[in-house]
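Visitor: sequence first, predicted coordinates after that:
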Amino acid sequence: MTTEAKIQLTSTELGTLWMEYRSLSGRISFYDFFKDKTIDKEAQTLLTNVITEMQNIQNEIINIFNNQKVVIPIGFVKQDIVKESPPLFDDLFNIMFLRQMSKLAFAHNAIFLAMSYSIEVQDVFKHHIEVAERYYAMTTSYLLGKGVLAKPPYVTMPKQVEFIENKDYMSGHNPFSEKRALNTLEVGFLNEAIEDNIFGMQLMTGFAQVAKESDVKKYFIEGKELSKKIISRLSNVLLQSDIQPPSTWAGRATDSTVTPFSDHLMVFMTDLLTNSSLNLNSLGSSFSLRSDLHLKLALVVKDTYNYSKKGGKIAINHKWMEEPPQMEDRNQLTK
């Protein structure tokens, strides 16, 4: 990518590139530890190669920042991982983590791309989307090949076009009335939310085992319990329509209690995934046409938002949270 000297970043581009840099920095730290602890050669190759891909994107951002004389965020450094620590997760979880990060990159970078005006900045986000697509496909194929990835339920294919003719289609609050069967869009978002929280539960289990600070450990335990609560709540919705919720035995935390990651890095990753969950459930609510689902997903969003706020307060209390680039305070300047 060529960065022209005359490029001028907008405030939005500066903010999104800043966020992208810190996110990449955190992911690379996890991949770097995982690759050294992964035994399966195919899985290890995936993790090794993705580090190079992520570093290339990170370097593109550094080039733009240097051209603009923008200070480079600290992000995460070698001291945030302890390579001598034993594995915290098994090989399958390490690849599930990479798959989850690839899914997350779709959403973030698509939004960032839509907020960009400069070709150079657009290229950064396009590049990350392209890489995320490839690694999502490769990790999905790998996990399906291992027989450990639960697919969404199948459905009888429609034979003709149908139209909604009854306003009861959007009902569902009345506990004494019969609820209509879920449509495939609703099942899709519910399935995705349950899958994400199964992953989150295992991640929080591992983090809670190795966290050093007492408030951070408590935060991760609360996150594990919140994931269980969401899984149960949304699985019941599927079961009411005689649909089997997704589940998998694979991809778990080990019994290690030796910390491989700094508390700062683990809190950051939790915040990244929590905010992604907020976006997914808000989108799922907007696509749902059954009123009871709006309420259930709204409660999930509320609980997730409150949990995210706790993570932010912990990061601020420990002076871990880098401040995003700020707009000029004109009131202060006039003084």
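Guide: Yep, it's here. Numbers count the residues shown, from 1 in each chain.

Visitor: only C-alpha atoms for contact and neighbour calcs from this point on.
Guide: OK.

Visitor: how far does stretch 152-160 stretch from start to finish?
Guide: End-to-end distance for stretch 152-160, by C-alpha to C-alpha, to the nearest Å: 23 Å.

Visitor: and the pLDDT for Glu328?
Guide: Glu328 is assigned 65 on the pLDDT scale.

Visitor: now Thr10, what are its backbone angles?
Guide: Main-chain torsions, Thr10, degrees, to the nearest 10: phi -80, psi 170.

Visitor: which ones are touching it?
Guide: Contacts for Thr10 were tallied using C-alpha atoms under 8 Å, 6 or more residues apart in numbering; there are none.

Visitor: separation between it and Ser116?
Guide: From Thr10 across to Ser116, the span is 8 Å (C-alpha to C-alpha).

Visitor: name the nearest residue to Cys133, ignoring sequence neighbours.
Guide: Wrong residue type there; residue 133 is Glu, not Cys. Closest residue to Glu133 in three dimensions, ignoring its sequence neighbours and counting by C-alpha to C-alpha, 6 or more residues apart in numbering: Ser102, at 7.0 Å.

Visitor: is it true that that neighbour touches Tyr136?
Guide: Yes - counting by C-alpha atoms under 8 Å, Ser102 touches Tyr136, with 5.4 Å between them.

Visitor: next, the buried residues of whichever strand or helix holds Glu133.
Guide: For Glu133, the element it lies in under DSSP states H and E is helix 119-145. Neighbour counts using 16 or more other C-alpha atoms under 10 Å place 120-129, 131-133, 135-136, 138-140, 142-143 of helix 119-145 among the buried residues.

Visitor: domain-wise, how is the chain divided?
Guide: Using automatic domain parsing, the domains assigned to the chain come out as 11-145, 167-317.

Visitor: give me the mean pLDDT for the longest one.
Guide: Across domain 167-317, pLDDT averages out at 88.

Visitor: look up how far Ala150 lies from Leu144.
Guide: With distances taken as C-alpha to C-alpha, Leu144 is found 8 Å from Ala150.

Visitor: now Val216
Guide: 31 Å.

Visitor: which one of those two is surrounded by more residues?
Guide: A side-by-side neighbour count of Val216 and Ala150, using other C-alpha atoms under 10 Å, places Val216 first with 22 against 15.

Visitor: shouldn't that one be within a helix?
Guide: Yes - Val216 forms part of a helix when assessed by DSSP: H, G, I helix; E, B strand; the rest coil.

Visitor: give me every residue that touches it.
Guide: So Val216 contacts 208, 263, 267, 314 (C-alpha under 8 Å, 6+ apart).

Visitor: return the list of helices and strands in contact with the helix or strand containing the first one.
Guide: Think Ala208. For Ala208, the host element (DSSP H and E) is helix 184-210. With contacts taken as 3 or more C-alpha pairs under 8 Å, 6 or more residues apart in numbering; DSSP states H and E, helix 184-210 sits against helix 214-240, helix 263-287.
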